[in-house]
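> I would like to see how this sequence folds:
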Amino acid sequence: MLRNYLKIAFRTLWKNKIHTGINVVGLAVAFASATLLFLTSWFEWSYDRFHADADRIYRVYLQDASGEATSIMPYPLSPVLQTEMTDAEAVTRMMWPQTEFVGDKHVAKQIRFADQDVFKTFTFPLVKGDPNTALKELSSIVITEDMARDLFGDENPIGKSIRTDGLNMGQAFIVTGVMANIPTNSSFRFDALVRPESRMDYQPNKAEWGNRNHEVYVKLKPGRAGAPVDALTAEKRLQSLTRKYWQAEIAEAKKRGEKPDVRGEYISLRLQPLTDIRFDTKGVMGAGISKTYVYALALIGLFILLIAGINYVNLSLARSITRAREVGVRKSLGAQPGQLFGQFWAESLVICLVALAAGLGLTVGLRPTFNQVFGTRLSLDLLTNPFTLLAIGLTFLLITLLTGGYPALLMARFEAVTVLKGKVKAPRSGGLRSVLIVAQFALASLLITCTLLISQQLRYLRERPLGFTQEQVISLPLRNRDNLSGTDAIQKLRNRLRNNPDVVSISGTATNLGSGLDGNTSRSMSGWTHNNREVETDWLRVDFDYLKTLGMKLEAGRDFNPAFGTDTANAVIITQSLAKQLGEKNPVGVVIQPDTADKKYQIVGVIPDFNLFSLHQKAKPITLHLDNRSGLSYALIRTTPQGMVRTMDALKGLWKEMAPSASFQASFVNENTERWYEREERFATIFQIAAGLTILLSCMGLFAVALLTIERRTKEIGVRKVLGASVGSIVALLSKDFLKLVLIAIVIASPLAWYGMNQWLQDFAYKIDIEWWVFALAGLLAVGIAFLTVSFQSVKAALMNPVKSLRSE
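Below is the predicted model of the structure:
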């Protein structure tokens, strides 16, 4: 019986090639797209959940009474938490990775700084070495399997020495452990771990509470019955630490008359779950991705599946009338409703099986391109994971039952006598078909609107002034293995390029502008109290001519000048927002002291605020200084408009002479700042492709339904033409019902699009206003596309010779 069902199903599908092709193509594309999008969404959601005790790991952050928060912490905090936080099982500092050229091969590797408890806090399993003692010594280094292979091949790396530039005071590290390679869904990317004490700035700042440059993570002790200690309870117990070590800041806040937060605290240490860090877009550090992005990926995949399924149901319902006589004949010959249901469902099963096979083939074939375009790391192992295969199988069965079940049930219930008399009607299915068309175009309109608004926001981000001139500026990373410091490298560049007519000015900085090719990021902050006012600022090391190179104008005072010998020791330039924090009407000449144990600095100039980081965050107060205790990591070279390419070529040759073992990773600053928004660019691309797919699938379905509808009204069209109806009136008659459905879809989609995009825009400190014309434009596009789809068949029917359509009457 089953073989007979399948044989008849293949014959029927082959007979109706157009409808079969539309269904197979639509479902195959939907299966492939949805699989890739669902896997990407799941992959993003799985970040940092591979740690054995992820539910007990937290990032420590500092929050004031106004709700401002930061996770950048001072060096002394971690030792204090280790000894005084009773709820902590393990505490470790984690610093941003630093690119170093290591080994005799001068291989560029990302090195992070962490405490000995890092292996007690996180699940980074060691394949060689003891995690309890791997970072016990200050000269210890733990490397990944890939790094071990790159440096030592198949040799055992344990006990071998590795030398780096700028770490461990020039002394070699000893390999004491080899980690398994870091999972791709980890927030921490690195090739090696060393102790923070190996940093050059550690000793001068190890007791400074005002100098902050890293993050701290704690693993809470398990509570009763193995459940972790409640984070809120742990935060309340941390109040004693803030009152002890931030006593002066709390006292100053009270003097200023500030109100405490809802917990009665002026400054508090809080705990952020490790699994929330990936989705932190503005609360603490703001470097994560929005959960809206993850939900949107899953919803887009679901939308595409729904639209393809709706197409199938619509076509099946539309064809149910044309197959009514077939049902009547089969019933008159003794076929039971269950047998008819099995026959029609077998056709659906064949279509879905073919579509699933084609869809999985597309998924495997498109995966590398998908990873490259959208910056994902989907592997074949993830696709062939038993859980993934089970999910695909269950989804397939559900779609087959829903899309094939209802039309099959409807056709199996036709009355034999009625259909054989030619009196069959399907008003109920027509109503359902209208609902499904509305759903299709509502989803398409939703994605069109979202695509337009995302494109608007991205254009706004690219065009909004950052407070400095980013065009015609080259950023050159200065890290090398040739014993060449950043300060010396910049001076050599100045000497060699002094007479180059294409070079306008040269400067340096510790923090890159935008996201450079080296992939490094860093941030140093400082906070103190000035005349009973709480002050917090980015503490940015720069070199002479920084303002000139970036086209910044002074609001007051002067620029750094080599003629003033004290500038390199105690002069600073501040932004206007910091001047406002200080409460000084004329801040030039004012002396500030970032830390009571540190030296004093004199303000020599004031500049407008500028964005040191992306527009996800508001511009923070910034202090520029020349203190050589902090190194310079990047050279900034401004060129003439005509000399950009020539200068880049000259730099490449010059850098090879200056640092022959270092790679050349120079890039233009405007390209770096564009890379700030690569995630949003990928998001926009996904929406554009999804919108295109939904429109294509919706139009395919609408085209097929319109074709079947017009076929049933062929004689009506002939009669109308005989009675004098024009081509335009017939086209309008056939199109208006479909266009009404599209208009209803637009009305439904518009508020949903507004809500979703409004939520997404909350992730940006600087954003566009959502305006009405975007919804109008999206609506016009949807109506226009639907009209073109329907009118193609309508015009063809209206131009048909009425004699042909009326010949059988």
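> drop to CA atoms for contacts and neighbour counts, all remaining ones
Fine.
> count of residues packed around residue 238?
Counted by other Cα atoms under 10 Å, the residues lying close to residue 238 total 20.
> pLDDT score for it?
Per-residue pLDDT puts residue 238 at 89.
> right, and it touches residue 269 too?
Yes: counting by Cα atoms under 8 Å, residue 269 is a contact partner of residue 238 at 6.4 Å.
> list the contacts of residue 194.
Counting by Cα atoms under 8 Å, 6 or more residues apart in numbering, residue 194 touches 111-115, 135, 138-142.
> for the residues you listed, which one is nearest residue 583?
Set against residue 583, the nearest of the contacts of residue 194 by Cα to Cα is residue 113 (37.3 Å).
> okay, now the sheet partners of the helix or strand where that closest one lies, with direction.
Per DSSP states H and E: residue 113 is located in strand 107-113. Its sheet considered, strand 107-113 pairs with strand 98-102 (antiparallel), strand 192-194 (parallel) by DSSP bridges.
> and it, which residues are buried?
107-113 (16 or more other Cα atoms under 10 Å).
> let's test this: mean pLDDT of that strand, rounded?
pLDDT averaged over strand 107-113 gives 85.
> show me the contact partners of it.
By Cα under 8 Å, 6+ apart, strand 107-113 touches 93-102, 147, 150-151, 189-196.
> what subset of the residues you listed is buried?
Those of the contacts of strand 107-113 that meet the buried threshold are 93-102, 147, 151, 189-196, by 16+ other Cα under 10 Å.
> before we move on, back to that, got the contacts of residue 194 as JSON lines, with distance to residue 437 columns?
Output for the contacts of residue 194, formatted as JSON lines (distance: Cα to Cα, whole Å):
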{"residue": "111", "distance to residue 437": "55"}
{"residue": "112", "distance to residue 437": "54"}
{"residue": "113", "distance to residue 437": "57"}
{"residue": "114", "distance to residue 437": "57"}
{"residue": "115", "distance to residue 437": "59"}
{"residue": "135", "distance to residue 437": "63"}
{"residue": "138", "distance to residue 437": "67"}
{"residue": "139", "distance to residue 437": "68"}
{"residue": "140", "distance to residue 437": "65"}
{"residue": "141", "distance to residue 437": "62"}
{"residue": "142", "distance to residue 437": "59"}
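> nearest to residue 490, of those residues?
residue 111 (24.0 Å).
> lowest-confidence helix or strand of the protein?
Across the helices and strands of the chain, mean confidence by mean pLDDT, DSSP states H and E is lowest for helix 416-420: a mean of 59.
> any buried residues in whatever helix or strand comes next after that helix, and which?
Counting by DSSP H and E, the next helix or strand C-terminal to helix 416-420 is helix 427-463. By 16+ other Cα under 10 Å, the buried positions in helix 427-463 come out as 429, 433-458, 461.
> for stretch 38-51, same thing?
Neighbour-count burial for stretch 38-51 [16+ other Cα under 10 Å]: 38-41, 43-45, 47-48, 51.
> swap in stretch 760-780?
For stretch 760-780, a neighbour-count test (16+ other Cα under 10 Å) marks 760-761, 763-764, 766-768, 774-775, 778-779 as buried.
> ok now it, how far from the chain's centre?
19 Å (Cα atoms, centre = their mean, to the nearest Å).
> average pLDDT for that stretch?
Rounded mean pLDDT across stretch 760-780 is 88.
> need the distance between the two termini of that stretch.
Using Cα to Cα, to the nearest Å, one end of stretch 760-780 lies 24 Å from the other.
> try stretch 620-638
25 Å.
> could you give me the average pLDDT of that stretch?
For stretch 620-638, mean pLDDT is 89.
> buried sites along it?
Applying 16+ other Cα under 10 Å to stretch 620-638 flags 620-627, 631-638 as buried.
> in strands only, show me those residues.
622-625, 634-638 (DSSP state E).
> specify which member of these is nearest to residue 470.
The closest of those to residue 470 turns out to be residue 638 (Cα to Cα; 9.2 Å).
> isn't that closest one up against residue 501?
No: Residue 638 lies out of contact with residue 501 (Cα under 8 Å); the separation is 11.3 Å.
> in terms of mean pLDDT, which of the strands paired with strand 107-113 ranks lowest?
When I compare the strands paired with strand 107-113, strand 98-102 is least confident, with a mean of 73.
> quick one: contacts of it?
107-112, 162-165, 479-481, 518, 520, 662.
> swap in 6 Å and give it another go.
Outside strand 98-102, the residues that touch it by Cα atoms under 6 Å, 6 or more residues apart in numbering are 107-111, 163-164, 481.
> ok, now stretch 179-189?
With Cα under 6 Å, 6+ apart, stretch 179-189 has contacts from 47-48, 125-127, 143-145.
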